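Peer 1: Fold the following for me, if possible:
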Amino acid sequence: MRMAANLEQISNPNDASGSPQWSPDGSRIAFDSLPHGRYEIYVADVAERKPRKLITNISDVIRPHWSRDGQWIYFRSNQPGRMGVYRCPASGGSAIALSKDIDGVSPQESFDGKTVYFASHADNSTLKKTARSGQPGTESEVDGLPRVIDSGIWALVPGGIYFVPAESPRSLRYFDFGSRQIRPVFEADKDFGDGLSISPDGRWILYSQEGDPSGDIMLVDHFR
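Peer 2: The predicted structure follows:
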């Protein structure tokens, strides 16, 4: 196997880090890390490659996700008494609660910037939505969408949601916002692992598969 060249370490090699997310313009990377027994979010400028802690008024924050305009970062808080999904300015500042659901995780902004979708519970997840400018407690379930097997195995696209249903861990399906219809995409030969991503042009699916003892990352083309 040919090894990649010119690899550069962005996170601290002494800390467990993950959930990397490119900013929409490709100039920054957000990720979470565990430096002192609780998670924090860092933002690294690609040119400088020096991560800076996202300073906000909530602690133990994970799973960062950028807004479509790059001005905000969404995340989950594990802080006791303040668990759930929030957003704060990408430059740091006070966090805004998006939901009263203490099990909310993996928030993603819609492509028009008006709605935030998130998963409730880590496993056997219910996908919910709330207005980005709405008040906590106004969230609702995505009508017509069955439970998702894991909070990290769904992907938002302009017209709908790709997901793996809880009752079928090897089946990728697509939920159409307009018709509320669900169609099968393909069946995998192994259970899906954590993580699902659709390329910006809608042509490719990137996903992981569970294996014993390791896992695989797969790329699918011509899946429509």
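Peer 1: Count the neighbours of residue 156 for me.
Peer 2: Neighbourhood size, residue 156 [other CB atoms under 10 Å]: 20. Heads up, the C-betas are built off the backbone N, CA and C, glycines and all.
Peer 1: Now do the phi/psi pair for it.
Peer 2: phi -90, psi 130 (degrees, to the nearest 10).
Peer 1: doesn't residue 106 make contact with it?
Peer 2: No: look at residue 156 against residue 106 with CB atoms under 8 Å: they stay out of range, at 10.1 Å.
Peer 1: list residues touching both of these two?
Peer 2: Residues touching both residue 156 and residue 106 by CB atoms under 8 Å, 6 or more residues apart in numbering: none at all.
Peer 1: What segments of this protein are helices?
Peer 2: For the chain, applying DSSP state H gives no helices.
Peer 1: So which helix or strand of it has the lowest pLDDT on average?
Peer 2: None of the helices or strands of the chain scores lower by mean pLDDT, DSSP states H and E than strand 216-221, at a mean of 51.
Peer 1: Show me what the biggest strand by length in the chain is packed against.
Peer 2: Under DSSP state E, the strand in the chain containing the largest number of residues is strand 123-131. In terms of contacts (3 or more CB pairs under 8 Å, 6 or more residues apart in numbering; DSSP states H and E), strand 123-131 is packed against strand 115-120, strand 140-141, strand 148-150.
Peer 1: Which other helices and strands does the longest one contact?
Peer 2: Okay, so that is strand 115-120. Using 3+ CB pairs under 8 Å, 6+ apart as the contact test, the elements touching strand 115-120 are strand 84-89, strand 104-109, strand 123-131.
Peer 1: State the mean pLDDT of the second one.
Peer 2: To tie it back to what came earlier, the one meant is strand 104-109. Strand 104-109 shows a mean pLDDT of 94.
Peer 1: Each with direction, which strands does it pair with?
Peer 2: Strand pairing for strand 104-109, using DSSP bridges, gives strand 115-120 (antiparallel).
Peer 1: residues in contact with the strand it pairs with?
Peer 2: Strand 115-120 has contacts (CB under 8 Å, 6+ apart) with 74, 85, 87, 98-99, 101, 103-110, 125-132, 142, 148, 151-152, 154, 156, 161.
Peer 1: same question, stretch 155-171
Peer 2: By CB under 8 Å, 6+ apart, stretch 155-171 touches 108, 110-111, 117, 124-125, 127, 142, 145-150, 153-154, 172-178, 184-185, 187-192, 196-198, 202, 205.
Peer 1: Of those, which qualify as buried by neighbour count?
Peer 2: Among those, the ones that count as buried by 16 or more other CB atoms under 10 Å are 108, 110, 117, 125, 127, 142, 145-150, 153-154, 172-175, 177, 188, 191-192, 196, 198, 205.
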